[in-house]
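Engineer: Quick check, what structure comes out for this input:
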Amino acid sequence: MKDNKQVFESYSVPKAVATMAVPSMLGMLINIVYNLADTFFVGQTGDSNQVAAVSVSMPLFLIFIAVGNLFGVGGCAFISRSLGEGRQDRVKKISSFCIYTSILLGIVLGVLFMAFKTPLLYMVGASDNTIGFASDYLKWVAIGSPSVITAITVCNLVRGEGAAKTSMFGSILGQVVNIVLDPIFILSGGDELFGFKMPFGFGLGVAGAAIATVIGNICSVIFFLLYFLKGKSILSITPKRYTFKDGIAKGVINVGLPASLNNLLMSLSNIIVNIVLVSYGDNAVAAMGVAMKANMLVVMLQIGLGQGVQPLIGYCYGARNYDRMKKCLRFSMACNIIIGTVMTLFYVVFKENVISMFINDAGVIELGVKMLIALMSPGPIIGIMFVLNFSFQGMGKGFQSLILSIGRQGLIYIPLLFILNAAVGLDGIIWAQASADYACVIMSLIMWFVVKKGIKKQTQIKSI
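Structural biologist: Numbering: from 1, shown residues only. Presented below is the predicted three-dimensional model:
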């Protein structure tokens, strides 16, 4: 913990931001590959129904991620803020509460999903052709749900105490194990992969993808368990420290809820935009999917930076070191502006090449280029909003974070989607997300000025 404290207190601002943000950003890059792996390797079976089954099951899998973020992100922010306040006993209670509640909810959700998997899958879009495969996928994910939720939770909690590299290694370990096991469990011996024949494989198809996911998360949980047992962490896994009283549950949920809702709204908004795009043909749906995948790289990098500096902001806020907090915040925003500007220029110059990497269809490429330019247009400044949103979480400003989270993916974006579609048709849909992004950047800056004014007033009162 001593080294972690140096990051929070004595490292120069650029060094502190780099120490916390770079592991988070690298983790996000691996996460992008990890998210594409299941679909890619299932696609190698040549069975479109199995590929569809993974997509159909994803909204339900996102519920596990949402619960993990509820206690992970909420606990991370609460822990870093408590460390800044010097309240180490509360940190132990927070970590114990988050970990054991995650395990408990994982068991409850797993049982519910096992019991009602068929009606749930039909509800999110499964057909008679895909229900069998989707049911197999969800069954194994449900069995492993405690490990899935707990891995996400603990990864964030460890980041909250400043151990950014440990958090990254634990997360990447699970993702790499998943990627390595995917072809082994999904494909059979003799199946072709990258032009080579698989020497062996279990041939479990979509069920194999789910099993690989669960094993990867179990490996992450074991990694973090060993980290705790070494005694180097200030966090506690002692059941005796478990409590939801003394503001523990409220403090976690206050910040964790916006992060959790963001995952759910992201899934909902993707479903809605696909439904709206269907009337413009399959090419429009395919083009938006490709453009969003390309845009995801930039967004994830900027989110990774914001997420990485969240504990640093939270610690400074808890320690009332507002000057250092503001410097960290400004430097982080400047870094995200540079990243966003460079990536946007690259995408604009090589737009056709970027889209054609995903698909070789002239009609889809033409639409995809227009969509990519629209999605990337806020690229140079959208990182400001991500840094401020995670900073609000670190400060315990749950309301501000909630508004920004539901605004970008729901409160602003979804109404704009329908309004602009009615006003200008397909071009309106293409520019809806960009318009929502611009609005959220402005909102985040206004919120920051209000929060900063409150901090200044509080500081003046303390000095009297």
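Engineer: ok now do the most centrally placed residue in the chain, which residues does it touch?
Structural biologist: Using Cα atoms, centre = their mean, the residue of the chain that lies closest to the mean C-alpha position is Asn263, 7.0 Å off. The neighbourhood of Asn263, defined by Cβ atoms under 8 Å, 6 or more residues apart in numbering, consists of 62, 65-66, 69. The way it works is simple: take the backbone N, C-alpha and C, and place the C-beta from them, glycine included.
Engineer: quick one, phi/psi of it?
Structural biologist: When quoted as degrees, to the nearest 10, the phi and psi of Asn263 stand at phi -60, psi -40.
Engineer: Please, which helix or strand holds the residue lying closest to it once chain neighbours are set aside?
Structural biologist: In space, and not counting its chain neighbours, Asn263 is closest to Ala66: 4.3 Å by Cβ to Cβ, 6 or more residues apart in numbering. Using DSSP states H and E, Ala66 maps to helix 48-84.
Engineer: How far does that helix sit from its chain's centre?
Structural biologist: 7 Å (Cα atoms, centre = their mean, to the nearest Å).
Engineer: go on, stretch 284-297?
Structural biologist: That offset, for stretch 284-297, works out to 17 Å (Cα atoms, centre = their mean).
Engineer: can you list the residues that contact that stretch?
Structural biologist: 29, 32, 36, 270, 273-274, 277-278, 343, 347, 354-355, 358-359, 361, 364-368, 371-372, 375-376, 426, 429.
Engineer: mind redoing it with 7 Å?
Structural biologist: 32, 273-274, 277-278, 347, 354-355, 358-359, 364, 367-368, 371-372, 375-376, 426 (Cβ atoms under 7 Å, 6 or more residues apart in numbering).
Engineer: separation between Gly72 and Gly425?
Structural biologist: Counting by Cβ to Cβ, to the nearest Å, the gap from Gly72 to Gly425 is 41 Å.
Engineer: Average pLDDT for the helix holding Ala66, rounded please.
Structural biologist: Per-residue pLDDT over helix 48-84 has a mean of 87.
Engineer: helices or strands next to the helix or strand just after it in the packing?
Structural biologist: Toward the C-terminus, helix 48-84 is succeeded by helix 88-123 as the next helix or strand (DSSP H and E). Counting contacts by 3 or more Cβ pairs under 7 Å, 6 or more residues apart in numbering; DSSP states H and E, helix 88-123 packs against helix 48-84, helix 131-143, helix 145-160, helix 248-277.
Engineer: one more time with 10 Å
Structural biologist: If you count contacts as 3 or more Cβ pairs under 10 Å, 6 or more residues apart in numbering; DSSP states H and E, helix 88-123 packs onto helix 48-84, helix 131-143, helix 145-160, helix 206-229, helix 248-277.
Engineer: now the angle between helix 48-84 and the fourth one, please.
Structural biologist: This points to helix 206-229. Going by axes from the mean of the first three to the mean of the last three Cα atoms, to 10 degrees, helix 206-229 is angled at 20 degrees with respect to helix 48-84.
Engineer: Around Lys197, how many other residues sit close by?
Structural biologist: Lys197 is flanked by 10 other residues according to other Cβ atoms under 10 Å.
Engineer: I figured it was touching Gly189, is that so?
Structural biologist: Yes: using Cβ atoms under 10 Å, Lys197 is in contact with Gly189, at 8.0 Å.
Engineer: Now rank the contacts of Asn263 by neighbours and give me the top one.
Structural biologist: Result: Asn69 is most packed of the contacts of Asn263 (other Cβ under 10 Å), 24 neighbours.
Engineer: State the distance from that one to Ile152.
Structural biologist: Per Cβ to Cβ, Asn69 is found 6 Å from Ile152.
Engineer: same check, this time on Thr101
Structural biologist: Counting by Cβ to Cβ - Thr101 and Ile152 are separated by 13 Å.
Engineer: which residues are in contact with both of these two?
Structural biologist: Listed as contacting both Thr101 and Ile152 by Cβ atoms under 10 Å, 6 or more residues apart in numbering are 67, 70-71.
Engineer: just curious, which of the residues you listed is nearest to Gly208?
Structural biologist: Closest approach to Gly208 among those (Cβ to Cβ): Val67, at 24.5 Å.
Engineer: how near is that closest one to Met123?
Structural biologist: Counting by Cβ to Cβ, the gap from Val67 to Met123 is 19 Å.
Engineer: Please apply the same query to Val255.
Structural biologist: Using Cβ to Cβ, we find Val255 at a distance of 30 Å from Met123.
Engineer: Those two: which has the busier surroundings?
Structural biologist: Between Val255 and Met123, counted using other Cβ under 10 Å, the more crowded position is Val255 (28 against 11).
Engineer: thought that one was touching Ser391?
Structural biologist: No: if you go by Cβ under 10 Å, Val255 and Ser391 don't touch, sitting 11.4 Å apart.
Engineer: what do the two both touch?
Structural biologist: In contact with both Val255 and Ser391: 77, 310, 314, 397, 401, using Cβ under 10 Å, 6+ apart.
Engineer: which of those tops the neighbour count?
Structural biologist: That'd be Ala77 among the shared contacts of Val255 and Ser391, by other Cβ under 10 Å, with 35 neighbours.
Engineer: Could you measure from that one over to Asn35?
Structural biologist: Distance, Ala77 to Asn35, using Cβ to Cβ: 24 Å.
Engineer: which of the residues in stretch 261-281 are buried?
Structural biologist: For stretch 261-281, a neighbour-count test (16 or more other Cβ atoms under 10 Å) marks 261-270, 273, 276-277, 280 as buried.
Engineer: quick one: which of those residues is nearest Arg320?
Structural biologist: The shortest gap between Arg320 and any of the buried residues of stretch 261-281 belongs to Asn262, at 28.6 Å (Cβ to Cβ).
Engineer: Leaving out sequence neighbours, find the closest residue to that closest one.
Structural biologist: Leaving out its chain neighbours, Asn262 is closest to Ser405 (Cβ to Cβ, 6+ apart), at 4.1 Å.
Engineer: got the contact list for the one you found?
Structural biologist: Contacts of Ser405 by Cβ under 10 Å, 6+ apart are 257-263, 265-266, 389, 392-393, 398, 411, 440.
Engineer: cool, and Lys117?
Structural biologist: 57, 60, 126, 131, 134-139, 141-142.
Engineer: quick one: which of these is nearest Met168?
Structural biologist: Using Cβ to Cβ, these come closest to Met168 at Val141, 23.9 Å.
Engineer: With Ser391 as the reference, measure out to that closest one.
Structural biologist: Distance, Val141 to Ser391, using Cβ to Cβ: 33 Å.
Engineer: likewise Val91?
Structural biologist: Distance, Val91 to Ser391, by Cβ to Cβ: 20 Å.
Engineer: and if you look at Val451?
Structural biologist: 9 Å.
Engineer: same question, Ala422
Structural biologist: Ala422 is 36 Å from Ser391, by Cβ to Cβ.
Engineer: Pull out the buried positions in stretch 35-53.
Structural biologist: Buried residues in stretch 35-53 (16+ other Cβ under 10 Å): 37-38, 41-42, 44-45, 49-53.
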